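> sequence and predicted structure below; questions after.
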Amino acid sequence: MRAVLQRVSRARVTVEERVVAEIAAGLVVLLGVGTADTLATATSMAEKIANSRIFEDDAGKMNRSLLDVRGSAMVVSQFTLYGDARGQRRPSFVAAARPEQAKMLYEEFCSGLTALNVPVQKGIFQATMSVELVNEGPVTILPDSDKTF
């Protein structure tokens, strides 16, 4: 599983000119599911992200987690995180999970956050979405369950 975390003061997702998800302070999580990912991967990644200390404490240091600040998560599926453009002009997506597997693990990831008491808003799986956000910091982190970067 790969994710792009963006610390935000607000964010929203629009599909066909209709707002389908909106949060105040928290994280936007762009989530990609790979072919080798499992239920355990989804649960582990949810726990890792909920506990990642990327919010500032009173001293201005990144010492607080999403749980600590009681922030929300807006999770948007994004298979293109598995795009491989090495040596070619058109990315290959063979490492991305098929839609059936990806949707199940995307939902499991969201359930994992919810089980940790993180309020979750979601985009619409496989829809063309517009994601608007105000990145605070800016802070952008790239967790990867395979630890390739």
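Thanks, I have the structure now. Numbers count the residues shown, from 1 in each chain.

> from here on, contacts and neighbour counts on C-alpha atoms
Fine.

> sec struct for T140, please.
strand (DSSP: H, G, I helix; E, B strand; the rest coil).

> and what of D146?
Of the three states, D146 takes coil according to three-state DSSP.

> for T41, same thing?
T41 falls in the helix class when you classify it by three-state DSSP.

> that one touches D146, doesn't it?
No. Counting by Cα atoms under 8 Å, T41 stays clear of D146, with 9.5 Å between them.

> neighbour count for these two, which is higher?
It is T41, of T41 and D146, that has more neighbours when counted by other Cα atoms under 10 Å, with 18 against 12.

> anything in contact with each of T41 and D146?
Taking Cα atoms under 8 Å, 6 or more residues apart in numbering as the criterion, T41 and D146 both touch M1.

> not counting residues beside it along the chain, what's closest to A96?
With sequence-adjacent residues excluded and distances taken as Cα to Cα, 6 or more residues apart in numbering, A96 is closest to G34, at 4.4 Å.
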